[in-house]
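Engineer: below: sequence and its predicted model.
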Amino acid sequence: MRAIADRPILVVEDNDDDIVLALRALREHDAGHEIALARDGVTASDFLFGTTEMDARPLPAVVLLDLNLPRVSGFEVLQRIRAHERTRFLPVVVLTSSRAEEDIVSSYTLGANSYVRKPVDYEEFRRAIAALGEYWLALNEVPPEDRAQ
Amino acid sequence: MTTPQGAPSPRRPAGASKPWLGLRRVTYVVTAIATALTLVTALLIRHVNEDSERRQLRQRTHEASLVLESLIGTIEGPMRFSAQALNALGPNEELFELLAEPVTGEDSLAAGAAILQVRAPASTTNPRVVVRAGAPLALTAPGARRALGPVNDEITLLNFLQSSVGRRMGVLLALSGKADGYALYVEMQFSDMRLEGEEAFSDLKYAVYVGGAPRSDALLFGTAPDGIGGKRESQRVAVGNSELLLVATPSRNLNGSLAGALPWLVILVGVVGTACGAAAVEAIGRRRDAAVKLAGDLATRTAELIVTQEQLADLNASLEDTVEDRTRELQAANRELESFAYAVSHDLRAPLRAIDGFGLALLEDCGDELDERGRDYLRRVRAATQRMGELIDDILTLSRVSRAEMTREVVDLSALARNTIARMRDADPDRDVEVVIEPDVSARGDARLLRIALDNLLGNAWKFTSTQSQARIEFGCRRGDDGPVYFVRDNGTGFDPRYANKLFKPFQRLHHDQDFEGNGIGLATVARVIDRHGGRVWADGAPGKGATFSFTCGDGRGGAA
């Protein structure tokens, strides 16, 4: 069983600025975790499920998922994660600009573990990222990967 | 013989064109107005309630009477009736029955009588009006009997009153006779029509006397069963030397061969009381042609009325369609607005986040390379982006408040106020504010919207008391003229009452940014929430004297959903 500390964090985000800022905040908070980046839903799916059976990678400790993605939307990614045997318990935090009620409801309906709105204020954003890291990487217990499968 | 559209009776003597010159035995016209006239108007608007049905009937009666008045009014010459001996006809028991006082006389008093029977169409698919006269009957002295000619000579079917879809609604008759005068007894038998649960509509009788007679007051009579649609309304209208009696019997629930339960209006018209003793019998109206034309006009007007009625129904239907279309368009526009709001919330905030984030990154990572002025600029950039972020949020809230679906329930405003205050205390722990919240204040309304309103009002109070050393905020409820008035009172900076009306308009601010932050959307949002509840919101205050914002919450009926 791979320790949670060894697992990467998967950031699914298409906005370059947000990527840089999120990575900056993540790095400040926690330098230990590998950070994997997917710029759209297809890449995220490939990362999680692999394009073939062979190249599946270790599951991330947590997925930070934007909703507004090109090609395959965040909702669809979430749906696939929950539908897939291997990833159905994977912690997914929706991290998005939207505060629209329907987005929040849809996210939870599809099985998101948390919903965080990206604040405009970078300092708040940084606090949010820090809190997420603190919670999902340190406090939260996840089922062992082999059991989840 | 029934000739269509008022064509002259072919057997009419040639002298008939100057009937008022020949005193006797001149063919004269008993015009359509003297004919019992039945205007049977089907009111075609469905879904009329009883009241409006009645109103329309009354209106229709009135219109029809105006038409008839004008019709009579245009007849040239006085209406005079001869006292000359009439040809006696055979006794007519029914007619006698109808006469208030049987007419007897030593003179050559006589009356011509014709009985018309207007039979309602046996079926709507084959409408047919049968007009026939009963046997001429003597009223008085035997020997004075004067038979009318074959009925076909006497009666002209001028017109059918028909609706635009061709349904025959009634008949208009012109009668001509060879007698000097006769009583005309018109019986309309609508034998196929039955009133639901009421008296049969089979025996509507009406008699009109248009001949000379010694007793004018006995000359007009009529029976229209009271059972027809209930109340019978009659009205006497003076026309020239005569009177016109209009009897309108609105009837409803008429069921029978005419399919459906249609409301009907029956108007019977007769000429009442005539100048007796005149030497000559003159026709009502100078010429038969004129009468025919007038009668035709009447028929046209009546038909127009019916058409108008139907057009009105069509118009109503198309109006409903239009409303539906507009509603659909509005809903589409609303959806568009919603997706726009979504885009604003999502796309407009992303660049702001980048501006703020990189501004801070610049300050943190490269701050040493900037002088104090440069760092000040960067801080201003960040402050501005944050304000813009709040502005976007507030505009979104305002638009959400306008569009959100409303549900009304009992809302504990005191609890909402306590929550709001608690949150503000958490966010601003250094402030020392005395807060008084009246317990158990509740209102009927939408909980989420009312929370937004209270958040804004209490937030304002919190903000504008920030310069007070002993800040005090009060929430409560008092009895107003039309129900409870809720209020949020503070002892803050107050405002100039001259600008009170501007307070609730979006982007209107009464204070400078450097004194109090804000974008002027909060109170506009409050106003929108209260407006949607059908309530009122207003502000009282003076500079330095604090402010009180009051609102009502409607009566539970107001406010669009």
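Structural biologist: Thanks, I have the structure now. Numbering: from 1, shown residues only, chains lettered A, B, ... in the order given.

Engineer: any residue of stretch A:19-29 touching chain B?
Structural biologist: Yes - Stretch A:19-29 comes into contact with chain B (C-beta under 8 Å from any C-beta of the partner chain), by way of A:20-21, A:24. Placement of C-beta: from N, CA and C, glycine included.

Engineer: so which of these is the closest to chain B?
Structural biologist: For the residues of stretch A:19-29 next to chain B, the residue nearest chain B by C-beta to the nearest C-beta is residue A:21; the value is 4.0 Å.

Engineer: report how many residues lie close to the nearest residue to that closest one once chain neighbours are set aside.
Structural biologist: Of all residues not flanking residue A:21 in the chain, residue B:357 sits nearest, at 4.0 Å (C-beta to C-beta, 6 or more residues apart in numbering or on different chains). Burial measure for residue B:357: 27 neighbouring residues, criterion other C-beta atoms under 10 Å in any protein chain shown.

Engineer: residue contacts, residue B:357?
Structural biologist: The contact partners of residue B:357, by C-beta atoms under 8 Å, 6 or more residues apart in numbering or on different chains, come to A:17, A:20-21, A:24, A:122, A:125.

Engineer: and the pLDDT at it?
Structural biologist: Note on residue B:357: pLDDT of 89.

Engineer: and what of residue B:438?
Structural biologist: pLDDT, read off for residue B:438, is 93.

Engineer: residue B:42 too?
Structural biologist: You'll see residue B:42 listed with a pLDDT of 32.

Engineer: let me see the contact set for residue A:43.
Structural biologist: residue A:12.

Engineer: over to residue B:400?
Structural biologist: residue B:341.

Engineer: element containing it?
Structural biologist: helix B:372-403 (DSSP states H and E).

Engineer: from chain B, how far off is the residue nearest the centre of chain A?
Structural biologist: Closest residue to the average C-alpha location of chain A: residue A:63 at 1.5 Å, with C-alpha atoms, centre = their mean. Using C-beta to the nearest C-beta, to the nearest Å, we find residue A:63 at a distance of 20 Å from chain B.

Engineer: quick check, that residue in contact with residue A:91.
Structural biologist: Yes - contact criterion C-beta atoms under 8 Å: residue A:63 and residue A:91 qualify, at 7.0 Å.

Engineer: returning to that earlier point: now, of the contacts of residue B:357, which are buried?
Structural biologist: Taking 16 or more other C-beta atoms under 10 Å in any protein chain shown as the criterion, what is buried in the contacts of residue B:357 is A:21, A:24, A:122, A:125.

Engineer: now do the helices in the stretch 351-500 of chain B.
Structural biologist: B:372-403, B:413-427, B:447-464 (DSSP state H, counting those that start in this stretch).

Engineer: for chain A, same thing?
Structural biologist: Taking DSSP state H as the criterion, chain A contains helices spanning A:16-29, A:41-49, A:74-83, A:101-109, A:122-133, A:145-148.

Engineer: what's the angle from the fifth one to helix B:372-403?
Structural biologist: Read that as helix A:122-133. Put simply, helix A:122-133 runs at 70 degrees to helix B:372-403, going by axes from the mean of the first three to the mean of the last three C-alpha atoms, to 10 degrees.

Engineer: still on that earlier bit, same list (the contacts of residue B:357) but as JSON lines, adding pLDDT.
Structural biologist: Output for the contacts of residue B:357, formatted as JSON lines (pLDDT from 0 to 100):
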{"residue": "A:17", "pLDDT": "87"}
{"residue": "A:20", "pLDDT": "89"}
{"residue": "A:21", "pLDDT": "87"}
{"residue": "A:24", "pLDDT": "87"}
{"residue": "A:122", "pLDDT": "87"}
{"residue": "A:125", "pLDDT": "87"}
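
Engineer: show me where pLDDT drops low in chain A?
Structural biologist: Where chain A drops to pLDDT under 70, the residues are A:1-5, A:31, A:51-56, A:144-149.

Engineer: mind redoing it with 80?
Structural biologist: For chain A, the stretches with pLDDT under 80 are A:1-6, A:29-33, A:50-58, A:70-71, A:98-101, A:142-149.

Engineer: ok, back up a step: so which of the helices of chain A is nearest residue B:308?
Structural biologist: Proximity to residue B:308 (C-beta to C-beta) singles out helix A:101-109 among these, at 50.5 Å.

Engineer: name the helices or strands packed onto that closest one?
Structural biologist: Contact analysis of helix A:101-109 by 3 or more C-beta pairs under 8 Å, 6 or more residues apart in numbering or on different chains; DSSP states H and E lists helix A:74-83, strand A:92-96, strand A:114-117 as its packing neighbours.

Engineer: what's the most buried one of those?
Structural biologist: Most buried of these by mean neighbour count (mean count of other C-beta atoms under 10 Å in any protein chain shown) is strand A:92-96; its value is a mean of 25.

Engineer: now do it and helix A:122-133, the angle between them.
Structural biologist: 170 degrees.

Engineer: where does residue B:307 sit, in terms of helix or strand?
Structural biologist: Secondary structure (DSSP H and E) places residue B:307 in helix B:288-343.

Engineer: show me the contacts for the closest residue to residue A:44 other than its chain neighbours.
Structural biologist: Of all residues not flanking residue A:44 in the chain, residue A:38 sits nearest, at 3.8 Å (C-beta to C-beta, 6+ apart). Going by C-beta under 8 Å, 6+ apart, residue A:38 touches A:10-13, A:44, A:46-47.

Engineer: next one: residue B:521
Structural biologist: Here residue B:521 is in contact with B:391, B:394-395, B:397-398, B:506-507 (criterion: C-beta under 8 Å, 6+ apart).

Engineer: same deal with residue A:37?
Structural biologist: A:10-11, A:13, A:19, A:23.

Engineer: what's the answer for residue A:120, then?
Structural biologist: By C-beta under 8 Å, 6+ apart, the neighbours of residue A:120 are B:349, B:352-353, B:356, B:385-386, B:388-389.

Engineer: for those residues, give me CSV that also has distance to residue B:320 and neighbour count.
Structural biologist: CSV is the format used below for these (distance: C-beta to C-beta, whole Å; neighbours: other C-beta atoms under 10 Å in any protein chain shown):
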residue, distance to residue B:320, neighbour count
B:349, 43, 24
B:352, 47, 20
B:353, 49, 23
B:356, 53, 26
B:385, 51, 22
B:386, 51, 19
B:388, 46, 18
B:389, 46, 20
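
Engineer: what about chain A: which of those residues touch it?
Structural biologist: Answer for the contacts of residue A:120 near chain A (C-beta under 8 Å from any C-beta): B:349, B:352-353, B:356, B:385-386, B:388-389.

Engineer: rewinding a little: among the helices of the stretch 351-500 of chain B, which is nearest residue B:537?
Structural biologist: From the helices of the stretch 351-500 of chain B, taking C-beta to C-beta, the stretch that ends up closest is helix B:447-464, at 8.3 Å.

Engineer: quick revisit: of the helices of the stretch 351-500 of chain B, flag the one that's most buried.
Structural biologist: It is helix B:447-464: most buried of the helices of the stretch 351-500 of chain B by mean count of other C-beta under 10 Å, with a mean of 22.

Engineer: and that one, what other elements does it pack with?
Structural biologist: Helix B:447-464 packs on helix B:372-403, strand B:409-412, helix B:413-427, strand B:471-480, strand B:483-490, helix B:522-532, strand B:547-551, going by 3+ C-beta pairs under 8 Å, 6+ apart.

Engineer: now tabulate the ones you listed in TSV and tack on distance to residue A:110 and mean pLDDT.
Structural biologist: Below are the helices and strands packed on helix B:447-464 laid out as TSV (distance: least, C-beta to C-beta, whole Å; pLDDT from 0 to 100):
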stretch	distance to residue A:110	mean pLDDT
helix B:372-403	23	84
strand B:409-412	29	91
helix B:413-427	30	92
strand B:471-480	40	91
strand B:483-490	40	92
helix B:522-532	31	88
strand B:547-551	40	92
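
Engineer: and these as a markdown table, adding distance to residue A:85?
Structural biologist: A markdown table is the format used below for these (distance: least, C-beta to C-beta, whole Å):
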| stretch | distance to residue A:85 |
| --- | --- |
| helix B:372-403 | 39 |
| strand B:409-412 | 44 |
| helix B:413-427 | 43 |
| strand B:471-480 | 54 |
| strand B:483-490 | 55 |
| helix B:522-532 | 47 |
| strand B:547-551 | 55 |
